[in-house]
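>>> Can you look at this prediction? I've put the sequence above it.
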Amino acid sequence: MNANHSANALEIIHQQVMWNRLIAVVEEQAQTILRTAFGSVVREAGDLSAGIYDLEGRMIAQAVTGTPGHVNTMARAVDHFLARFPVAGMKRGDVYVTNDPWLGTGHLFDFVVVSPAFAGDEPVALFASTCHVIDVGGRGFTAEARSIYEEGIAIPHMKLRDRGQLNEDFFSILLANSRNPVEVKGDILSLVSCNDTGEARLRDMMAEFGLKSIAPLADFIIDNSRDAMINAIGAVPNGSYRTDMELDGYDEPVFIRAEMKVADEEIVIDYHGTSRASAYGINSPLCYTEAYTCFGLKCIIAPSVPNNHGSLSVFRAVAEEGSAVHPVHPSPVTARHVIGQMLPDIAFGCLSSALEGQIPAESAGSIWVLPFANAGSNSAGGAGANSSVFNVMNVGMGGVGARPGKDGLSVTAFPSGVGAIPVEVTETESPLVFWRKEFLPDSGGPGAFRGGLGQVIEVGNTEDHPFTVSAATFDRMRNPARGRDGGRPGITGAARLASGKEFTDKAVHTIPQGERFIVELPGGGGLGNPHDRQPARIQSDLEAGYITEDGAKKDYGFSG
Amino acid sequence: MTAPQANRLAADIGGTFTDIVLETGSFRHTTKVLTTPRAPEQGVMAGIGQVLDEADVAPGGIDVFVHGTTLATNALIERKGARTAFLTTEGFRDILEMGFEKRFEHYDIFMDKPDPLVPRPLRIPVRERVSGRGRILAPLDAEQVKKIAGDLKAAGIEAVAVGLMHSYAYPAHEQAIRDVLHEELPGVTVCLSSEVCPEIREYERFSTTCANAYVRPLMSGYLHRLQNMLDERGVNCPLYLMMSGGGLTTLDNAAKYPIRLVESGPAGGAMLAGHVARECGIDNALSFDMGGTTAKICLIEGGDPERSRSFEVARMYRDSKGSGLPVRIPVIEMVEIGAGGGSIAQVDDMGRINVGPSSAGSEPGPACYGLGGDNATVTDANLVLGKLDPDNFAGGKITLVPEKSNAVLTRDIGDKLGLEDFWPAVGITEMVEENMANAARVHAIERGKVIGRHTMVAFGGGAPLHAGRLAQKLGIGKVVIPKGAGVGSAIGFLLAPLSYEVVRSRAVNFSDFDAGSLNSMLDDMQEEALGVVREGAGARPLVTTRIVELRYVGQGHDLRIPLDDRPLVQADAATLKARFEDHYREIYGLTIDNLDIQSVSWSVTVATESDDPAQARNPAAIPMERLNGSRHIYDPGLAEMADYPVYWRFDLQPGAEITGPAVIAEDETSTIVPAQFTASINSFDYIVMENRGGGSA
């Protein structure tokens, strides 16, 4: 036992303690945003993020609370800021902002706010945070826009605060362009203040451990995480693996093609051959493409390694400029999740030939946003006599793919972290009435392990007046979640009037007075041959009504 | 409760032990007996027998008995409740299983959502529909309900939960269903969501109602059996039950709403901490309760623990929000993390030491117990660092084996990280203390509090070992360690008021504030709460607390704002908004101009008034000589082992003053006094540790 070992041991222990501390600090930031944010997207979906970066722009820690779409996007966003505003020129009290989809996190709704943290007179780190604000003007949250110019106000990289002085010009321009200016300002100020809190907490930590710089700590975290990832990649055989997928797209199908190249220390997914960008706002900017691709890889390969520069450095996504997974300015991108959230299934598809038997089947994927409005309420002139003006959003989740050894989760968002919006809340905010929100029997893909069930939702109006719903985000109406290893696909989604008329395109549909609107959300894919499903499982599915007797016969050849 | 000179009995049934406390005047008798899960009343009665004998008190001499139990929680965790059916609006039978429709572990593709308490075949759709504005869109068909009742009878159903859409505001259909079921199914438990949890948001309301129905036959049976045994034994005093919100209720009410009892143990602990805070004149206290598997942290202002109404029972992944069943009941707001004496330490893929949430429990327990435990735990680390006396653990009942601790610490931690000697143990304690500090910091920030301005009240077997160091990490300058740390929850039961909270959802945009209609709702609620409390309270004075939960229109999180003790007037729209904005600014540092605020829920609590406790004094200091030798203990300031003098707690008289570093040992635990602290004994024999350099804030 010598003094040298003691000093060493103490350093090892302190580095670990500080790593945990940084994760707690950014988590604290994220929780604050979650509580103060306006708009259900942040509240129910956790559509936000917070992280700390070293002076080279390398992400050291990111809050666990948040959605996968912000993981890589945030990691890259800070690099872009530093290219425009080098650290050397930053002053204490400065704050920077953008909502540029290509420099930020993929659409105009997300504002990214970056603040340098100072200890004494020296910058020591950067804090960044983001959340989805409620409105940025333009056409609102739809895929209808034909270019970024129609999607709302764009804020290029700029200073939001200069040595403690807020940039009021920025706010007046922004607020003049939003339908909910008060809430948008509230959201952005909350990002600013949570970064300030992060800075204060970092300073406390540096004082407690007598640090002048966090560079050695950053190296420790990044190196350890990277090593853990490289170690985990070792379980995936080197080689090249391909997959593809067809999506409904907006006005025409989107083909996603991918090749995964696995090397000792890196996995790259190359989207070469994917369809060109859509004319509508379902395109996924490369940063967002990369986020969901890497998310899929990480779920399988190293689910427990924290997100930071080191762990993210081993996965990459590349794509051709101008494709649907790498659209360039001025392609519209508002509903980027329609394509982006299908990409974990692409990663799974690639991995399924490398890690046979370990990969789930495909899922319903991107959630269906159900934006309901009183017919006429979005145009000047109003809604008509004796009817309420309303504009409410609900969401529909489908089924998750079956997993090795387990059935898929029914009516659950994957990969998104979005949660349900209670029917009672929607009904109190509008005259709508939901007549049904139930599992859809036989919707899960048959397999030795069954895909998760989709659901059926039926909505009417208690007032004698038509209402509208935008079908912009309804995918998998023609292309189901596919099964794997002999498992069969889940059912495709559908939208129609109760009286029978099918809605097959993504337009804004009008539900006539007295009519009801029905959506059926897609089911998850099955895994393994349905004939290998244990009879006891089929029996209990029958008893619960997850499958019908016809379904049992047709899908499983089971007659009790 | 009753006058302090009375004989007051408390029993806390935990997972492993049942704690019994009998206070006779100023003397306290305590015992721990093993919990008897199949018939918990037997353990309780055995324990009561022991303390009565010890105190030489006759059963008829007990003036009041307060009881808390984890029985309902265990039934939910083990899914051993009643065979329950759920009647709900047609079209919504799957709400209970869909849950929040999201994944609580983003990256774990194998995660499962909690199984609903009522499986799908027993979730029965009923034709009826009321709109969000109270219009009957489809009438209830009593004949259909009758037919369903027949089916339920045939299926051998023991309990029925009823949850219809919008019943929180329009309960008529639920009530009509109850009437039919009572008629058709005599003896079967029926719980209405409009009574158990009249709040908007169907999933949480349905979940709470089903959980209540699921545990009600069991709890009601248990409580009445206990009552009978007490009667037979000659214990004929009033019996009260501890609820998770920190108040007591009568047996009848507890048997009706047993879901409100789930967190009674931790609530008892928080009540103890609140009482200690009042005795010691502490305005802002941080309650720190550390036991064998978890640590609980709670903020206490003016002696009153913070409260909330959202809770999750039976989490499948400990520490994972969303992995349990949501219940909306009054609870003490606290964070609970998997950090206790039995928490297991491991090194993960990144070479990090992780502590908890898995725990070695009490059997086999930490490696040092020598009962076959083969994991490195926090207790093993404390032993190696000299904080525990191997020959005097648990009052000498267990002899600890440091060699076993050293072996597992070296194997599981040291070898993997290149740490020798006692350093693996330092790694574990530093990490567990850091985790607790982080949890406390985040909790305080969420409540808009500066943690360094608090005084810590530490209890539970593990807390005195870690309290000093935790206080240092948090910049807290003062720590109070009351007596009887090991049975803190049961002691807390005796300090709780008789109380009942009634909550209703009513969304009001404050631009449309109407004092008149709100007053009539609040009056109704007060009557309901009074109805529950009046019987038990007798002549004792009652206090009413009324709270509204407010938010900015469009925000998801609300703040609890107190109402004045008088009917609302129109001007309160402005008064309450100002109060909300002050509180909002305090927490988030800003307010949103020109934005309307909205109420979510209104709450009325009626409670017996708590007596002002006698105030603790700090007698003139008597410097202490070293009494019980010394122990070799790790000192974090020096980063090496150092000699700490050891004192025996029960030798210390009020006024005793000890300059740290030191150890104050007692049967159940040891208090570590860090080098920077001075410990003194106050007039109640509490240990009060103060940092000679003050706190950080």
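Done, it's in. Residues are numbered from 1 along each chain as shown, chains lettered A, B, ... in the order given.
>>> From residue B:82, how far out is the residue nearest to residue B:338 when sequence neighbours are not counted?
In space, and not counting its chain neighbours, residue B:338 is closest to residue B:357: 2.4 Å by CB to CB, 6 or more residues apart in numbering or on different chains. All C-beta spots, glycine's among them, are computed from the backbone N, C-alpha and C. Remark: distance between residue B:357 and residue B:82 (CB to CB, to the nearest Å) = 30 Å.
>>> More neighbours: which of the two?
Using other CB atoms under 10 Å in any protein chain shown as the criterion, residue B:357 and residue B:82 rank with residue B:82 on top: 22 against 19.
>>> Please enumerate the helices of the stretch 51-200 of chain A.
Using DSSP state H, counting those that start in this stretch, the helices of the stretch 51-200 of chain A run over A:71-84, A:168-176, A:181-208.
>>> now for those, which one comes closest to chain B?
When the helices of the stretch 51-200 of chain A are compared by CB to the nearest CB, helix A:181-208 sits nearest chain B, at 4.3 Å.
>>> Which secondary structure state is assigned to residue B:134?
Three-state assignment for residue B:134 (DSSP: H, G, I helix; E, B strand; the rest coil): coil.
>>> And for it, the neighbour number?
Count around residue B:134 with other CB under 10 Å applied: 10.
>>> Chain neighbours aside, what residue packs nearest to it?
Spatial nearest neighbour of residue B:134, chain neighbours left out: residue B:170 (5.0 Å); criterion: CB to CB, 6+ apart.
>>> For my notes, confirm the one you found occurs in a helix.
No - applying three-state DSSP, one finds residue B:170 to be coil, outside a helix.
>>> Show me the longest helix that occurs in chain A.
Across chain A, the longest stretch assigned as helix under DSSP state H is helix A:3-36.
>>> Report the angle between that one and helix A:181-208.
Here helix A:3-36 points in a direction 170 degrees away from that of helix A:181-208 (axes from the mean of the first three to the mean of the last three CA atoms, to 10 degrees).
>>> Helix A:3-36 and chain B, are they touching?
Yes - using CB under 8 Å from any CB of the partner chain, helix A:3-36 reaches chain B at A:5-6, A:8-10, A:12-14, A:16-17, A:19-21, A:24, A:27-28, A:31-32, A:34-36.
>>> Just the buried ones from the residues you listed, in ChimeraX syntax?
Buried residues among these (16 or more other CB atoms under 10 Å in any protein chain shown), as a ChimeraX selection:
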select /A:6,9,10,12,13,14,16,17,19,20,21,24,27,28,31,32,34,35,36
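>>> CSV for the helices of the stretch 51-200 of chain A, including mean pLDDT, mean neighbour count and distance to residue B:551?
Below are those laid out as CSV (pLDDT from 0 to 100; neighbours: other CB atoms under 10 Å in any protein chain shown; distance: least, CB to CB, whole Å):
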stretch, mean pLDDT, mean neighbour count, distance to residue B:551
helix A:71-84, 92, 22, 28
helix A:168-176, 96, 13, 22
helix A:181-208, 90, 21, 12
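>>> can you put these in TSV and add distance to chain B?
Shown next, in TSV, are the helices of the stretch 51-200 of chain A (distance: least, CB to the nearest CB, whole Å):
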stretch	distance to chain B
helix A:71-84	9
helix A:168-176	11
helix A:181-208	4
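>>> Residue ranges in the stretch 251-400 of chain B under the pLDDT threshold?
B:318-319, B:362, B:394-395 (pLDDT under 70).
>>> Kindly report the residues of it close to chain A.
B:348-353.
>>> Check the contact between residue B:666 and residue B:649; I expect there is one.
Yes - between residue B:666 and residue B:649 a contact is recorded at 4.0 Å, counting by CB atoms under 8 Å.
>>> you'd agree residue A:246 is in a strand?
Yes - counting by three-state DSSP, residue A:246 is part of a strand.
>>> What residues are bridge-paired with it?
residue A:255 (DSSP bridges).
>>> Once you drop chain neighbours, what's closest to residue 126?
I'll assume chain A. Leaving aside its sequence neighbours, residue A:126 sits nearest to residue A:53 (CB to CB, 6+ apart; 4.3 Å).
>>> hmm, I had chain B in mind actually
residue B:87 (5.3 Å).
>>> Check residue B:620 too.
residue B:655 (5.7 Å).
>>> contacting residues around that neighbour?
Residues counted as contacts of residue B:655 (CB atoms under 8 Å, 6 or more residues apart in numbering or on different chains) are B:618-622, B:680-681.
>>> Residue A:123: which of the residues you listed is nearest?
Of all these, the one with the least separation from residue A:123 (CB to CB) is residue B:680, at 45.3 Å.
>>> quick one: low-confidence ranges for the stretch 51-200 of chain A?
In the stretch 51-200 of chain A, no residues with pLDDT under 70.
>>> For it, which residues are neighbours of chain B?
A:68, A:134, A:180, A:182-183, A:185-186, A:189-190, A:193, A:197.
>>> burial measure for residue 533, as a count.
Chain wasn't specified; assuming chain A. 24.
>>> wait, chain B
By other CB under 10 Å, 24 other residues sit near residue B:533.
>>> Would you agree it is in contact with residue B:604?
No - in this structure, residue B:533 is not within contact of residue B:604 by CB under 8 Å, at 11.1 Å.
>>> Quickly check the residues of the stretch 51-200 of chain A next to chain B for the two that are furthest apart.
Checking those with CB to CB, the most distant pair is A:68 and A:182, at 30.0 Å.
>>> buried set for stretch A:226-241?
Using 16+ other CB under 10 Å as the test for burial, stretch A:226-241 gives A:226-230, A:232-233, A:236, A:241.
>>> which ones are touching the nearest residue to residue B:139 once chain neighbours are set aside?
Among residues not flanking residue B:139 along the chain, residue B:128 sits closest, at 6.7 Å (CB to CB, 6+ apart). Going by CB under 8 Å, 6+ apart, residue B:128 touches B:89-90, B:138-141, B:164, B:173.
>>> send the alpha carbons of stretch A:60-69 over as CSV?
The C-alpha coordinates for stretch A:60-69 follow below in CSV (Å, rounded to 0.1, in the frame of the first residue of the first chain):
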residue,chain,number,x,y,z
ILE,A,60,-19.9,14.1,-22.7
ALA,A,61,-23.4,13.3,-21.2
GLN,A,62,-26.9,13.4,-22.4
ALA,A,63,-30.1,13.2,-20.4
VAL,A,64,-31.9,9.9,-20.4
THR,A,65,-35.2,11.7,-20.6
GLY,A,66,-35.9,12.6,-24.1
THR,A,67,-36.5,10.9,-27.4
PRO,A,68,-34.1,8.9,-29.6
GLY,A,69,-34.5,11.5,-32.4
